[in-house]
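# next one to model:
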Amino acid sequence: MKKYFIILGIAVSQFIVTKVVSMITFSVVTANVNETQMSLGGRLLMMISKVLYFPVLTMAWYPRQLFPGDLIFIPLFINSLIWALVIYLFYVLIKQRFLNRP
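Numbers count the residues shown, from 1 in each chain. This next block holds a predicted model:
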């Protein structure tokens, strides 16, 4: 039961970080809308957003017409759950491989 709470905690954390980075990216991009070229910080934030939204949202693995408006949070949270599962699996593998040596 503990591992489910850990996975859920990682998913919620990833969800929050993704939304915060998206808001910061949006504000940076809109602040520089009159510039001819995006700043280095803006491009970096856009790349970070693409990584955080990978795979479900970046690759559009969801039917957008089923999630209008604020319902986009459903596939976004599914994306966060995928991230949480992968992070937890890496943690378990590293723990078994390197920390439990006889």
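
# confidence score at the residue nearest the centre of the chain?
Centroid-nearest residue in the chain: residue 52, 3.1 Å away (criterion: C-alpha atoms, centre = their mean). We have a pLDDT of 91 for residue 52.

# surely it and residue 21 touch.
Yes. Residue 52 is within contact range of residue 21, at 6.1 Å (criterion: C-beta atoms under 8 Å). For the C-beta atoms, the positions are set from N, CA and C on the backbone; glycine is no exception.

# one step back: contacting residues for the residue nearest to the centre of the chain?
By C-beta atoms under 8 Å, 6 or more residues apart in numbering, the contact set of residue 52 is 14, 17-18, 21-22, 83.

# ok, now residue 11?
77, 80-81, 83-84.

# for this protein, give me the ranges with low pLDDT.
101-102 (pLDDT under 70).

# roughly how far apart are the residue nearest to the centre of the chain and residue 69?
Residue 52 is 21 Å from residue 69, where distance means C-beta to C-beta, to the nearest Å.

# likewise residue 92?
From residue 92 to residue 69 the distance is 37 Å (C-beta to C-beta).

# quick one, which of those two is more surrounded?
residue 92 (11 against 6; other C-beta atoms under 10 Å).

# let me see the ranges of the helices in the chain.
2-31, 40-52, 73-94 (DSSP state H).

# tell me which of these lies nearest to residue 62.
Set against residue 62 and scored by C-beta to C-beta, the helices of the chain come closest in helix 73-94, at 4.2 Å.

# show me the contact partners of that closest one.
3, 6-12, 14-15, 18-19, 52-57, 61-62, 67.

# rerun at 10 Å
Helix 73-94 is contacted from outside by 3-4, 6-19, 22, 51-58, 60-64, 66-67, using C-beta atoms under 10 Å, 6 or more residues apart in numbering.

# which among those count as buried?
Neighbour-count burial (16 or more other C-beta atoms under 10 Å) applied to the contacts of helix 73-94 gives 7, 10-11, 14-15, 18, 22, 52-53, 56-57, 62.
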